[in-house]
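# just coords:
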């Protein structure tokens, strides 16, 4: 076996402990798609990691936004956001 070492396809063998319901669902998907369980788990992990990375990027952007605008008052922020606080007299 090649445990823990990369092989030529860029994959590694590992052992995971998964919740029974998740494993059951993955097995069902594998059967219905006629692919192996490893492919289903790998695809699900890949997609989940993409979502997690997007969430983390969003949090980083939000934190940068907070830092960049931390010195502004609420009124200044409202103006920056394009919210008019008082009537301008125009119709």
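Nice, thanks for sending it over. Just so we're clear, the structure is a prediction, and the values are computed from it rather than from any experiment.
# Can you name the next helix or strand after the lengthiest helix in the chain?
Counting by DSSP state H, the longest helix found in the chain is helix 37-68. For helix 37-68, the following helix or strand on the C-terminal side (DSSP states H and E) is helix 74-80.
# By average pLDDT, which secondary structure element in this structure comes out worst?
helix 74-80 (a mean of 82; mean pLDDT, DSSP states H and E).
# chain center to it: distance?
31 Å (C-alpha atoms, centre = their mean, to the nearest Å).
# cool, and stretch 25-32?
Relative to the centre of its chain, stretch 25-32 is centred 23 Å away, using C-alpha atoms, centre = their mean.
# in the helix or strand where residue 23 lies, what's buried?
Using DSSP H and E, residue 23 sits within helix 20-33. Applying a neighbour-count criterion of 16 or more other C-beta atoms under 10 Å, one finds 26, 29-30 buried in helix 20-33. C-beta: built from backbone N, CA, C; applies to glycine.
# got the angle between that helix and helix 37-68?
Angle between the axes of helix 20-33 and helix 37-68 is 120 degrees (criterion: axes from the mean of the first three to the mean of the last three C-alpha atoms, to 10 degrees).
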